[in-house]
Structures are given as structure tokens and as C-alpha cells.
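> Structure for this input, please:
(one chain, ligands or ions: 2)
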Amino acid sequence: MQDRFGRTIEYLRLSVTDRCNLRCQYCMPASGIEKHGHDHVLRNEDCIQIVRTMAALGIKKVRLTGGEPLVRRGLASMIAGIKAIEGIMEVTLTTNGLLLEDQIEDLKAAGLSRINVSIDSLNPETYQRLTRGGDLSAVMRGIEKAHSVGIQPIKINVVLIKGENDHEVDDFLRAFDPSVEVRFIELMPIGEAASWNKEKFLDLNALFSKRTDLVPALDHGHSGPCRYYRHVETGRYVGVINSISEHFCHTCNRLRITSDGMLKTCLHDTSEINLKPYLSDVVALEKIIIEAINAKPEAHHLNQVDSNPIVRNMYTIGG
Ligand code: SAM
Ligand code: SF4
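Ligands and ions are numbered 1, 2, ... in the order given. Model prediction:
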């Protein structure tokens, strides 16, 4: 389906839980999340119903995210259910990777196509500090296992934070098998990071455009907000996502569903629609989704000085 600005909407990011086994400083409060009952999050059959309705409207690709999707029980059966829907070409996952080693074989067997793993430091102590307790070696084993069972491509997401991990760019460029793509992401003033000192936020365009060892890879990964380069030394594809300093709203093809069943048509817009009341009526569900797509904002205004930060935390939206 096209929205009123001619954008073809075909990508859904579905947050399957707000729970997480980490407490990354920019994403979650140190105290963890507010505890809610199980009816707070969408059930597997609700997720599948929503995706089926959206697939009929043109959604082709679904990314499962969270919170940490791997802490949700029954994830493999959800993947199988979504993959079986007519029109769905790909089910992918964004994960912190801590539980990958144990689960990746089952998830692949269920139909998972690809994974993105978030790692913000290759130094075990820095990783532990930024995530408030994470074990980097478990994540690395998970990536190895995903590689060995044939998950391709594996992408590493690195949020760069000034003074914390911006000196690790070269380490990331060399750390993994060259088939692994590394994507550097601008820190966004959302949730916990909404109140952070402006000094911590980097303009990645300014940082990466100076590098002569990264050659633009115009033939790679056209869709989405990621600009790709080829790292001369390793041949690795390297992505840069600078969605704050330079927004990609005119090509935005995505919808988001939060773990509590709210449909968001723009990450940086406060408006959201509760889908839960429509779950028992497919016609009404389809109607409300079409209305939401028609109201999708043309662009976000986060890089304007007077913009309001989004206070909803990323662990409920899923990035
Ligand atoms: N737990 C999974 C993970 O960490 O990959 C999936 C959920 S997490 C919310 C999805 C992505 O959002 C991660 O790559 C994380 O680094 C990113 N993220 C969270 N808060 C962010 C922020 N304020 N700015 C930029 N990226 C953020
Ligand atoms: Fe958890 Fe991912 Fe948020 Fe880190 S970024 S706290 S792993 S949801």
C-alpha cells in the first residue's frame, strides 16, 4: 500500500516483548522495566493476526525486536506462524545476541532469514558497563554459531556514543568474518538518552565522510536509512545510519508495533494507535491500519532545536 506521499509501505518492525536481559544505559533504566501482567503484551496469535492483515495490505518483511526478543517464550512458533503468511518474504530479528547460541538453530528451522546483533563495544569491560552487566563472550559465541548454521548476512549494530566507544570504530571494522556487515548508528535522543548531554551525540556523516578507507557501495542495500560503504582493507560492507543528522523520511517504508500493541507509523512521532480493541474484527483492524498509513507523517523534526524528545523508551518500541 502507498501512503499519501507515495511511499510504498512494506516493512513492519514488531516488538514482541518489553522485557530484556540487559539494561543498556541509553535504552533502559538501571532499575529495569515496570512489571506488567502477561495480557499487557500481544499474544502470538494476535501478532500473527496483525501481520496477516498487514500482509494483505502489502507488508512483505517483518523484523522481530523488543526488549530482547529471545527472552520471549514461543518465539520459534511465532516465526513459523508469520513466515507461513502469504506475502511475507522475510522474517528477521534484532537481538542483543546473549541467548543466540542456544536458540539460533531452532529459529532458523522455524524460518528466520537473517539477524542483526547489537554490540556497542568489543572491550568486555566497556560492554559490561554500557549494558550494565552483559557478557560479551556469550554474544560472540552466538554470532559464531549463527555463522556456522548459515545465517547470512549477519549484521552488527553499533550505536556510537562520544567518549564511550567512538574510538572503537577500527576495531569493529576488523573484528568479524568479512561477510559480517557492521552498521554504525547515531545515538537518538529517545527514552533514557532523551535527557543525555548533547555532547554524547555524534554526527556520523561528519565522522565517516572523512575516511578514505571506506568507499561508497552504491550497489548494496538500497532500502532503508542505511548508507553502505566497502571497507578497503577487509572488503566488508559497512553501514552508516545517521537518521538524526540527515533523515531518510522520504524513503521510509516502515510501520512499528510496540510490545503493548500500539501501531506507530513514525518512530519519532508521539501518535500511536491501540490495535488491541480491533483484534477480534479483521475488517475493523484493516480499516484502522489503512487510516494510520494514510496519516503517516511526512518527516520527523528531531534535528530541530525546539523539537520534543520521544519519552517512550526504545525497549517498548524496538528501535
Ligand atoms: N534488544 C535488542 C537489541 O538490543 O538489539 C532489540 C531491541 S533494541 C531497542 C533495538 C536497537 O535499538 C538496538 O540496536 C539498540 O542499540 C537501539 N537503540 C536503543 N536505544 C537507542 C537510542 N537511544 N539511540 C539509538 N539506538 C538505540
Ligand atoms: Fe535490551 Fe536491546 Fe534495550 Fe539493550 S538496547 S536494554 S539489549 S532492549
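
> Contacts only, for residue 130.
24, 25, 120, 121, 161, 164, 165 (CB atoms under 8 Å, 6 or more residues apart in numbering). C-beta here means a position set from N, CA and C on the backbone, and glycine is covered the same way.

> Which residues are in contact with the last one?
For residue 165, the set of contacting residues under the criterion of CB under 8 Å, 6+ apart consists of 120, 121, 126, 130, 158.

> With ligand 1 as the reference, measure out to it.
Remark: distance between residue 165 and ligand 1 (CB to the nearest ligand atom, to the nearest Å) = 11 Å.

> any idea how far that residue is from residue 95?
19 Å (CB to CB, to the nearest Å).

> Ok, the fourth one next?
From residue 121 over to residue 95 the distance is 17 Å, taken as CB to CB.

> Mind listing what's buried along stretch 145-159?
Neighbour counts over stretch 145-159 (16 or more other CB atoms under 10 Å) mark 145, 146, 147, 151, 154, 155, 156, 157, 158, 159 as buried.

> what do you get for stretch 55-67?
Result for stretch 55-67 [16+ other CB under 10 Å]: buried residues 55, 59, 60, 61, 62, 63, 64, 65, 66, 67.

> Would you mind naming what in the stretch 1-150 of the chain lies close to ligand 1?
When proximity is defined as CB under 6 Å from any ligand atom, the stretch 1-150 of the chain approaches ligand 1 at 20, 26, 27, 65, 66, 68, 94, 95, 96, 118.

> For the buried residues of stretch 55-67, give me TSV that also has pLDDT.
Output for the buried residues of stretch 55-67, formatted as TSV (pLDDT from 0 to 100):
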residue	pLDDT
55	98
59	98
60	98
61	97
62	98
63	98
64	98
65	97
66	93
67	94
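
> Counting only helices, which of the residues you listed make the cut?
Secondary structure defined by DSSP state H assigns residue 55 of the buried residues of stretch 55-67 to helices.

> out of the buried residues of stretch 55-67, who's near ligand 2?
66, 67.

> And the buried residues of stretch 55-67, which is closest to residue 105?
Set against residue 105, the nearest of the buried residues of stretch 55-67 by CB to CB is residue 64 (16.8 Å).

> who's the closest one bridged to?
Applying DSSP bridges to residue 64 gives these bridge partners: residue 14, residue 93.

> and whichever residue of the stretch 1-150 of the chain sits closest to ligand 1, backbone torsions?
The stretch 1-150 of the chain approaches ligand 1 most closely through residue 118 (3.4 Å), counting by CB to the nearest ligand atom. Dihedral pair for residue 118: phi -90, psi 120, per degrees, to the nearest 10.

> wait, what's in contact with it?
Contacts of residue 118 by CB under 8 Å, 6+ apart are 94, 95, 96, 97, 156, 157, 158, 159.

> Among these, which are located in strands?
Residues of those located in strands (DSSP state E): 94, 95, 156, 157, 158, 159.

> Would you agree the third one is in contact with residue 168?
No. Between residue 156 and residue 168 no contact is recorded; they are 11.7 Å apart, counting by CB atoms under 8 Å.

> Pull the residues that contact stretch 169-182.
Contacts for stretch 169-182 (CB under 8 Å, 6+ apart): 122, 143, 147, 152-156, 158, 160, 184, 207, 231, 233-239.

> Could you list which of those belong to helices?
Those of these lying in helices (DSSP H): 143, 147, 207.

> can you put the residues you listed in a markdown table and add pLDDT?
Putting the ones in helices among the contacts of stretch 169-182 into a markdown table (pLDDT from 0 to 100) gives the following:
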| residue | pLDDT |
| --- | --- |
| 143 | 98 |
| 147 | 96 |
| 207 | 91 |
